[in-house]
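J.: Okay, sequence plus prediction incoming.
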Amino acid sequence: MGSSSGKKHKKDKKHSHRSRSRERQRATDDDVTLDLTDDSTSTRHRHHKHKKHKEHRHKHHKQKERERPSEVISLEESDSDSSDCVEVPIEQVVKAKVRDLSVKEREAPTREREPLVRDASGREVFVREREPSAREREPYAREREPSAREREPSAREREPSARERELSVRERETHLRDREPPSREREPSARERDHEITAPPPPQISKHLDYERERRREREIERERESRKRAIKERERMRGNSRSQSPIAPHQVHRQRSHSPKGDNSAGRKRGREREPGRERERVRSRSHSPIPENGAGDVLSIAETNKLRAKLGLKPLEVDAGPSKAAPSTSSDSQQDSKKTGADLSSYKDEWGEFLHKPADNIKEKKEAEKLREKLKQRKEKRFLEERLARIRTLGESDEETDNVSKWVDRNKRVVNEREEALRKAKELEELDEAFGVADIMEQEKQKARQLAYNDRNLKGLRVEHDMNDFGEGRTVILTLKDQDVLNEEDGDTLVNVNMLDDERYKKNVSNKKLNPLSYGYNVYEEQYDELGNPIERSILEKYNEDLEGKPQKRKNFVIGENVEEEREHRRKLLEIKTKLAGKRLETLEDTNLKLASDTFSVQELATFKKPKKKIKKLRQKLKAEDLEPIDELPGSSNLGSRSRSHRDANEDVSMTDEVKAEIKLENDDDDLERVLSKARKLKQKENLIQKSLPIDVASITHNVKPEPVDETSAAGEMVLGTADSNIVLNATAEFCRTLGDIPTYGMAGNRNEDSNDMMDFDRDEALDEHMDTNMDEPALSHGTWNSVNPDEVMQPADLDNLGDDVEERAILDEEPDVGAGVANALRLALSKGYLEKEEKNRPSNTKMAHLQAKNYSIEDKAAGEDDKIGRRDRFHAGPIMDFKDKETFKPNVKLDYIDDNGRILNLKEAFRYLSHKFHGKGPGKNKIEKRLKKMEQDGLMKTMSSTDTPLCTLTMLQQKQKETKTPYVVLSGSNKTTAGVSGASISKFK
Amino acid sequence: MIEITCNDRLGKKVRVKCNPDDTIGDLKKLIAAQTGTKHEKIVLKKWYTIYKDPIRLSDYEIHDGMNLELYYQ
């Protein structure tokens, strides 16, 4: 920047000036020394005075403000220049001049500060140099500010100091101009001017800042113009003067004199104090907290200005009262104070940035100290109290007047004796009086009553003690207390216990419990079954849990106080004697049990006691199932009549029923009512028959019944056979099962199935429905092949399993035996038939070939039927692990687990493990291992293929061959390798 | 209220009074008002940290009397 370089330049200049001026001053000091004795003192003075000057300056500001109310000068601007004020050496406080001066100062920009920072002597030189010119210049100043000028002459006239002041002002002026050195005056001044004029007015400020600022700038510009004029004039002057600096002395005198009038100085100071404006103070206060040193600051706005600015920017005003001077930068020093502050200060809990302020931690040391102090005080207090009390007590050594004095002691003793006698006498008198009035008797009686009422051993009678009597030894005192009991439980009465004895008992019981074998669950087979008297001990099942489950304690040995204890004891003793006599013997009564014949069945009495488990009445399913066809009614005279509605009947019901219905339908055509009645009667009759007949379950009887049936039917030729007993068919589960296998295709058509006799009862009820149903059923009934149809030809087929089995067997045996010689197929067939070979399909036990082995009266399905009833269809597959899996009895698998490696080789145990392990870990064996194993395998293979009579390379045969060829008993072994290929046939080379 | 000194080392040195809860943007405006540069052109820095406009001074832990570097963009 131009300005800075300019500054530097100036500085250099001034340095040179300064050095010169010093020399000069030394010379002049010798010459003219008026007031000043020493140079150093003068400088001191200067500095001293300067402060005053500062005040004055401010004062003058004020004055000016007063004079020109429109022109409000903010002190901030000049403040920044305060530094150069400090350096101003000698100044007499003259109001008018200083006003001028201050104006000048203000006009001087901040940049001018720097060159001025130097000692006073340098300044003096300038003053001396510029002295004449300053005087000449004076009028300009006067011109500029008329008011100041007006005052000036008067001041000059008034006192000599006025002149001095004038002088000082002049000095000032010169000093100001000094900055532009005479030789190059033009340049820097121009530059400065440029800067000041062309310096872009701060846009924000120009917009926002207040009026006074603008005014100030105007003023500055004005002043600038003046100064330029001045500079031009000066230059002219300089040309004329040719820089002569001869008239120094008078000026110096002036300057020196300026120091002397201290009275004036002090007066000025006073005035300054008087006038010290509030604003100034405020400014100082507001700045005081700032950590930035005053002179180090750049451009500064006051709080008010800043607030204005902020308002324009739309910001909230500064928080002045929350002065950071207290807390912000110097928190470290203040923190200690803060910690000492009480809660009132802490209640804010906010630091200066509005953030949460933590409560300072308590000082433990202080706390402890306080505690200690308090303790000490307390101790001292107690001590004092004790001392006081002790002070009141008379010690042995202390002299006692009463005891020391013999006569007094005697007197006192006498008095005591007298009193005692008196009391006795009085009591006697009273007694006599009582006797006289009969009071004594009453008293006696009451006493006796009270004694009677008192609780004694009589009251203990009848109390129960819950301990074994033997636990109470003779001559031992046991304190018994009332047992804790339910208040409402009156019947038990009071019981006495000893707590310690209870504990003992509990302990004993615990010990005995611990002794029990934990594996036997407290059940001891060898437990005594007879007590010591030989009576059998009654034991309930799992009585050891009684206490735990029911909460009732086991019967305890107890006794009642006052109840023939002695007798009891005697009795016991006797019993014990008997017991000892009988020791090792057991009493057994012969009449213990009356002998009875063992029977499989219950007697009537027993039956009465026997409780049947209540059968749950199963809710009937609406859906039809094959299970419904099971012969529930096979039990003779089963009373489960009427529970099964007709609607349950399957369409695949037996033939007789359909026939019945058919007949009914037929009959219906004639006379409905009559027929219905008749049929009903018939059915009832039929039912009666059924009941009376008590159908046999066994198949043999059925076959007997069935046999004649076809004859009947054929003879009747479609006639109804309702009345016959043959129409009752026993539905056999086994037969049903066999029918489904298809090996007996004719069986299903046999029609020898049992009808559900129970259905008869409510036949009438759902007749209409049945009609409908059965008509529907007619169609399938007629169609051939279904198991409902009746094929008279095939009725001849025996439905009996016995016969069936025989038949099948017969067929199997009598089958045409295939000719083995004809071919392999026939042979195979034969083998199959003979059972040398087994076909897997035929391996099933349910196969027809094995049908003869089937149970005749029992089948697996029968068993399943019962289970199904219990479990239900759905549960059959969800029964889960509760049902244990039943193996087929014939199923004996031959399981052999072989491990095969990738080459199909069967591995032994070790190898298999290794193989699996490698697979599992995903990490095979190393290369070497693999090679080794391969080699081994190879060798194994070779070993296997190796002939036992020759070497692996067949050298022996080769040898023999060679010998045969050569017809020599020897063979020449040549050692050359090269011959191997060519002569290999003749000689045996050494391989390997 | 805190006072912050901003210095571009080219001759502009301003002392700005502001609140700790002002944002950097506000501070820039204040600086702009005092120096006469546009506030958008101002960059405030402390060493290599460029202070961002929407952040509050307290969040940057700018305390009373701190010196900020003033740059222009």
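T.: Arrived safely. Numbering: from 1, shown residues only, chains lettered A, B, ... in the order given.

J.: quick one: the strands in chain B?
T.: Remark: strands assigned in chain B by DSSP state E are B:2-8, B:12-18, B:42-46, B:49-50, B:67-72.

J.: Tell me which of those strands lies nearest to residue A:407.
T.: strand B:2-8 (96.9 Å; C-beta to C-beta). Placement of C-beta: from N, CA and C, glycine included.

J.: related to what we said a few turns ago, mind putting the strands of chain B into TSV with distance to chain A and mean pLDDT?
T.: Output for the strands of chain B, formatted as TSV (distance: least, C-beta to the nearest C-beta, whole Å; pLDDT from 0 to 100):
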stretch	distance to chain A	mean pLDDT
strand B:2-8	5	89
strand B:12-18	3	88
strand B:42-46	11	91
strand B:49-50	19	89
strand B:67-72	9	90
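
J.: Of those strands, which is nearest residue A:224?
T.: strand B:12-18 (21.1 Å).

J.: Identify the neighbouring strands of the closest one in the sheet and state each direction.
T.: Within its sheet, strand B:12-18 is paired with strand A:299-300 (parallel), strand B:2-8 (antiparallel), according to DSSP bridges.

J.: so how far is that strand off the chain centroid?
T.: Computed by C-alpha atoms, centre = their mean, to the nearest Å, the chain-centroid distance of strand B:12-18 equals 8 Å.

J.: Compute the inter-axis angle for that strand and strand B:67-72.
T.: If you take axes from the mean of the first three to the mean of the last three C-alpha atoms, to 10 degrees, strand B:12-18 sits at 120 degrees to strand B:67-72.

J.: what's in contact with strand B:12-18?
T.: Strand B:12-18 is contacted by residues A:290, A:292, A:297-301, A:303, A:306, A:318, B:1-7, B:26-27, B:30-31, B:34-35, B:57, B:70 when judged by C-beta atoms under 8 Å, 6 or more residues apart in numbering or on different chains.

J.: Dump that strand to PDB, keeping only the CA atoms.
T.: What follows is strand B:12-18 as a C-alpha-only set of coordinates in PDB (Å, rounded to 0.1, in the frame of the first residue of the first chain):
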ATOM      1  CA  LYS B  12      -7.600  -2.900   8.000                       C
ATOM      2  CA  LYS B  13      -8.100  -3.700  11.600                       C
ATOM      3  CA  VAL B  14     -11.500  -3.400  13.200                       C
ATOM      4  CA  ARG B  15     -12.800  -4.100  16.500                       C
ATOM      5  CA  VAL B  16     -16.400  -5.300  16.400                       C
ATOM      6  CA  LYS B  17     -18.800  -5.500  19.300                       C
ATOM      7  CA  CYS B  18     -21.200  -8.400  19.000                       C
END
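
J.: If you count neighbours, what's buried in it?
T.: Neighbour-count burial for strand B:12-18, counted by 16 or more other C-beta atoms under 10 Å in any protein chain shown, picks out B:12-18.

J.: so what's residue A:496 closest to, chain neighbours aside?
T.: residue A:480 (3.9 Å; C-beta to C-beta, 6 or more residues apart in numbering or on different chains).

J.: For the one you found, give me its contacts.
T.: A:465, A:496-498.

J.: Show me those residues that map onto strands.
T.: Using DSSP E, the subset of the contacts of residue A:480 located in strands is A:465, A:496-497.

J.: could those go into a markdown table alongside neighbour count?
T.: A markdown table is the format used below for these (neighbours: other C-beta atoms under 10 Å in any protein chain shown):
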| residue | neighbour count |
| --- | --- |
| A:465 | 22 |
| A:496 | 18 |
| A:497 | 19 |
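
J.: on that earlier part again, what distance do you get for the residue nearest to residue A:496 to residue A:962?
T.: Distance from residue A:480 to residue A:962, counting by C-beta to C-beta, to the nearest Å: 124 Å.

J.: Same question for residue A:495.
T.: Distance from residue A:495 to residue A:962, by C-beta to C-beta: 122 Å.

J.: one step back: ok, so of the contacts of residue A:480, who is nearest chain B?
T.: Minimum distance to chain B across the contacts of residue A:480 is 78.6 Å, recorded for residue A:497 (C-beta to the nearest C-beta).

J.: need the contact list for the closest one.
T.: Going by C-beta under 8 Å, 6+ apart, residue A:497 touches A:465-467, A:480-483.

J.: again, only this time at 7 Å
T.: Contact analysis of residue A:497 by C-beta atoms under 7 Å, 6 or more residues apart in numbering or on different chains lists A:466-467, A:480-481, A:483.

J.: what's the farthest-apart pair in those residues?
T.: Within the contacts of residue A:497, A:467 and A:481 form the most distant pair, 12.0 Å apart (C-beta to C-beta).

J.: higher neighbour count, those two?
T.: residue A:467 (22 against 11; other C-beta atoms under 10 Å in any protein chain shown).

J.: If we ignore the residues flanking it in sequence, what's nearest that one?
T.: Leaving aside its sequence neighbours, residue A:467 sits nearest to residue A:501 (C-beta to C-beta, 6+ apart; 5.4 Å).

J.: Does the one you found belong to a helix, a strand or coil?
T.: Look at residue A:501: counting by DSSP: H, G, I helix; E, B strand; the rest coil, its state is helix.

J.: where does it land on pLDDT?
T.: At residue A:501, the model reports a pLDDT of 88.

J.: Any figure for the gap between it and residue A:568?
T.: Using C-beta to C-beta, residue A:501 is found at 19 Å from residue A:568.

J.: which one of those two has more residues nearby?
T.: residue A:501 (17 against 13).

J.: Touching, the more buried one and residue A:470? I think so.
T.: No: checked against C-beta atoms under 7 Å, the pair residue A:501 and residue A:470 is beyond contact range at 11.7 Å.

J.: So what's the residue count around residue B:39?
T.: Here the count is done by other C-beta under 10 Å, and residue B:39 has 19 residues near it.

J.: what's the distance between residue A:535 and residue A:579?
T.: Distance of residue A:535 to residue A:579, given as C-beta to C-beta: 11 Å.

J.: Looking at these two, which is more packed in?
T.: residue A:579 (13 against 10).

J.: Okay, and the more buried one sits in which element?
T.: Assigned by DSSP states H and E, residue A:579 falls within helix A:565-581.

J.: which ones are touching residue B:42?
T.: Contacts of residue B:42 by C-beta under 7 Å, 6+ apart are B:28, B:31-32, B:70, B:72.

J.: oh sorry, the question was meant for residue B:6
T.: B:14, B:16, B:31, B:44, B:68, B:70 are the contacts of residue B:6 under C-beta under 7 Å, 6+ apart.

J.: one step back: turn the buried residues of strand B:12-18 into a markdown table, columns for distance to residue A:454.
T.: A markdown table is the format used below for the buried residues of strand B:12-18 (distance: C-beta to C-beta, whole Å):
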| residue | distance to residue A:454 |
| --- | --- |
| B:12 | 114 |
| B:13 | 110 |
| B:14 | 108 |
| B:15 | 104 |
| B:16 | 103 |
| B:17 | 100 |
| B:18 | 98 |
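
J.: Which one of those residues is nearest to residue A:606?
T.: residue B:18 (111.1 Å).

J.: That closest one and residue A:501, how far apart?
T.: 90 Å.

J.: again, but for residue B:55
T.: 84 Å.

J.: likewise residue A:435?
T.: Plainly put, residue A:435 is 52 Å away from residue A:501 if you go by C-beta to C-beta.

J.: what does residue A:598 give?
T.: Distance from residue A:598 to residue A:501, by C-beta to C-beta: 52 Å.

J.: Next, the buried residues of stretch A:914-931.
T.: Quick answer for stretch A:914-931 (16+ other C-beta under 10 Å): A:914-915.

J.: And that stretch, end to end?
T.: With C-alpha to C-alpha, to the nearest Å as the measure, stretch A:914-931 spans 16 Å from end to end.
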